[in-house]
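*Asks:* got a predicted model here, sequence first, then my questions.
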Amino acid sequence: MEWGNVLMDRKYLDALFGAYPERMTVTQLSEALNQSKQTTYKWLQTGVIPAYQIEKTWLISRDEVRDWVWDNRNSLRMGEVPNPNAD
């Protein structure tokens, strides 16, 4: 899978998220996902991104987010064949 001009594979995600601590801040998460803090907060509040909120503090696991990105990538799974005639 390509992301911009970068070929996306598990090793790339490991390297990308490996630069961050195990518990990420909203700012760090926004940077890693290349999104605004406003969008990141919206995704956190609506449950799009896996995280836990205790009062006003977000607990964000780097590894859970990395796995979420991988699991939700827009690509064919191993063994699947594209069907150009599908609706």
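*Replies:* In hand now; what should we look at?
*Asks:* ends of stretch 9-28, how far apart?
*Replies:* Start-to-end span of stretch 9-28 (Cα to Cα, to the nearest Å) is 21 Å.
*Asks:* please apply the same query to stretch 21-38.
*Replies:* Start-to-end, stretch 21-38 (Cα to Cα) is 21 Å.
*Asks:* and stretch 27-44, by the same measure?
*Replies:* 12 Å.
*Asks:* run the chain-centre distance for it.
*Replies:* Computed by Cα atoms, centre = their mean, to the nearest Å, the chain-centroid distance of stretch 27-44 equals 10 Å.
*Asks:* let me see the mean pLDDT of it.
*Replies:* When pLDDT is averaged over stretch 27-44, the result is 96.
*Asks:* show me the contact partners of it.
*Replies:* Stretch 27-44 has contacts (Cβ atoms under 8 Å, 6 or more residues apart in numbering) with 16-17, 20-21, 24, 26, 48-49, 51, 53, 58, 60, 65, 69. Bear in mind the C-beta positions are built from the backbone N, C-alpha and C, glycine included.
*Asks:* tabulate the residues you listed (a markdown table), appending distance to Arg10.
*Replies:* Putting these into a markdown table (distance: Cβ to Cβ, whole Å) gives the following:
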| residue | distance to Arg10 |
| --- | --- |
| Leu16 | 11 |
| Phe17 | 11 |
| Tyr20 | 16 |
| Pro21 | 20 |
| Met24 | 19 |
| Val26 | 25 |
| Val48 | 21 |
| Ile49 | 19 |
| Ala51 | 21 |
| Gln53 | 28 |
| Trp58 | 25 |
| Ile60 | 20 |
| Val65 | 14 |
| Val69 | 10 |
